[in-house]
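Undergrad: One predicted model, sequence on top.
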Amino acid sequence: MSPDRGRRGKSGKSGGRRPSGPLAAHRLGLAIFGLAFVVLFAMVALAEGVGDPSIPSGDVILVENVPGDAGDIAEADVDHAIELAAAQGGEKTAPKPGDPKYDELRKTATDSLLEAAWIEGQAAEWGIEVTDAEIAKELKKVKKESFKSEAEFQKFLKESHYTPADVNDRVKIQILSTQLQEQLKEKAPAPTGGQIANYYEAAKSSQFTQKPSREVRLVVNKDLAKAKEARAALDSDNSAANWSKVAKKYSEDATTKESGGLKKNVAEGSIEEPLNKAIFRTPEGRVEGPLKSNRGYTVFEVVDSTPETVAELKSVENQIQATLAQQLEQEYFAGFVSSFSSQWTSRTFCADGFVTERCANFKSDGHPAIAPATCYEADPKAGRPENCPAPVTQLIPALPGSVSPLEPKGKPLAQRPHPAGEPKEAGEAAAGLPEGELPPPEAPSE
């Protein structure tokens, strides 16, 4: 099929609706169009048929509420999209019907066409429009960033089977996607003063509190006798100059041996016990030790102390607001994508042979679309595939008490194994008890 093949003749147009797949897998900037917005369209709700409208003659898919004829997808559009998908995958020619690769590429091509139609429809509902001048400006920018010359761009078009109309359509979809995302950010709720205050209180001890710290001098030696000699030498003179001499002579701590035993910014809890506790209880200027720890015997002196400090709410309010705003945006976006997919699936109707889970007239068998069909055969000839989904979707609720302003969704609580004595199958009752009840826990022995 010619890459310039247009839509069917009923509209009198040529070079009409083109697919929304990436323009090039290896370099064209258009490949990242749609970003997470298009990626999340995979979360499509499975809708049962609800009275199919009449699909126009010559079309194979109708998407309602899309401006112009962008929601009318002809078989020629699907064929061209398959051709583009094949070229992107390195195939010189598109596979023919009957080839397993054909069905895979046709689904990819159809999804790409639907994504474009859905984006155009949503953009129209939100009052977003793109002019030819904007498309031309964005395309000029993409060509400048992705190609060294016009000749290189033309070579790309020839290799990828993209027409100028395809490129313009793809640029248009990217602009619409970007503007939709910008509006989503504007629509997302802003964190309230109460939410900011709650977050601050929950995070005060872990994020906004600077633990007390000490600046210490120390001598470490595995030999108790040598550690005692160091202590005696420092008792008579604990000046910085003498600490330097004693540390060089007695210390086995490589990090402080050449710096007069000086160790700065020792945060509480950052060193082993009982040394940590001793350092933070000892007043400045007093030599202590030898104290036994994992590294040997330590003689130390606290030189300077920094108390615990807690940042005030007003000093971290902007930081908290940014964190909460990002969380709220993500939650709002996820909710939008879910409703978006359901809404546009309910507006999409497909002719026989083109029905997928993204069509309102798709009849679900209750099995996940991504699961191999052999997962549900009674006795598959080649054996059951290893990647079959679980018979029952596992629910992972939040661990009780783990939901907080810091973790709005809490910590996932994994499904636990059955304790000894608990019925393993539904309806299997514990002996001697009414069906479904478990024996009470035994009281602890005295």
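TA: Structure received. Numbers count the residues shown, from 1 in each chain.
Undergrad: how about the strands of the stretch 251-400 of the chain, start to end?
TA: Using DSSP state E, counting those that start in this stretch, the strands of the stretch 251-400 of the chain run over 262-267, 287-293, 296-306, 309-310, 348-350.
Undergrad: Looking at the second one now, give me its mean pLDDT.
TA: If you average the pLDDT over strand 287-293, you get 92.
Undergrad: Contacts for it, please.
TA: With contact meaning C-beta atoms under 8 Å, 6 or more residues apart in numbering, strand 287-293 is reached by 219, 221, 224, 227-228, 230-231, 234-235, 238, 272-275, 278, 282, 297-301. All C-beta spots, glycine's among them, are computed from the backbone N, C-alpha and C.
Undergrad: Just those residues: which are in helices?
TA: Using DSSP state H, the subset of the contacts of strand 287-293 located in helices is Leu224, Ala227, Lys228, Ala230, Arg231, Leu234, Asp235, Leu275, Ala278.
Undergrad: Check which helices and strands the top helix by length along the chain sits against.
TA: Looking across the chain with DSSP H, the single longest helix is helix 313-345. Here helix 313-345 touches helix 100-125, helix 164-187, helix 193-207, going by 3 or more C-beta pairs under 8 Å, 6 or more residues apart in numbering; DSSP states H and E.
Undergrad: Tell me which of these is the most buried.
TA: Of all these, helix 100-125 has the most neighbours on average by mean count of other C-beta atoms under 10 Å, namely a mean of 20.
Undergrad: Next, count neighbours for Glu273.
TA: By the criterion of other C-beta atoms under 10 Å, Glu273 has 10 neighbours.
Undergrad: So for it, what's the nearest residue that isn't a sequence neighbour?
TA: What sits nearest to Glu273 in space, not counting adjacent residues and going by C-beta to C-beta, 6 or more residues apart in numbering, is Ser293, at 7.5 Å.
Undergrad: And the one you found, how far from Lys158?
TA: Distance from Ser293 to Lys158, counting by C-beta to C-beta, to the nearest Å: 73 Å.
Undergrad: pLDDT below threshold where in the stretch 251-400 of the chain?
TA: 369-370, 391-396 (pLDDT under 70).
Undergrad: Could you pull up phi and psi at Leu62?
TA: Main-chain dihedrals, Leu62, degrees, to the nearest 10: phi -120, psi 120.
Undergrad: got the contact list for it?
TA: Leu62 makes contact with Pro53, Ile55, Pro56, Gly71, Asp72, Ile73, Thr348, Phe349, Cys350, according to C-beta under 8 Å, 6+ apart.
Undergrad: Now distance to Pro164 and neighbour count too, for those, in TSV please.
TA: Formatted as TSV, the contacts of Leu62 follow (distance: C-beta to C-beta, whole Å; neighbours: other C-beta atoms under 10 Å):
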residue	distance to Pro164	neighbour count
Pro53	33	12
Ile55	29	18
Pro56	26	14
Gly71	22	24
Asp72	21	23
Ile73	20	30
Thr348	28	27
Phe349	30	24
Cys350	29	23
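Undergrad: Could you single out the nearest of the residues you listed to Pro400?
TA: For these, the minimum distance to Pro400 (C-beta to C-beta) is 41.5 Å, reached by Thr348.
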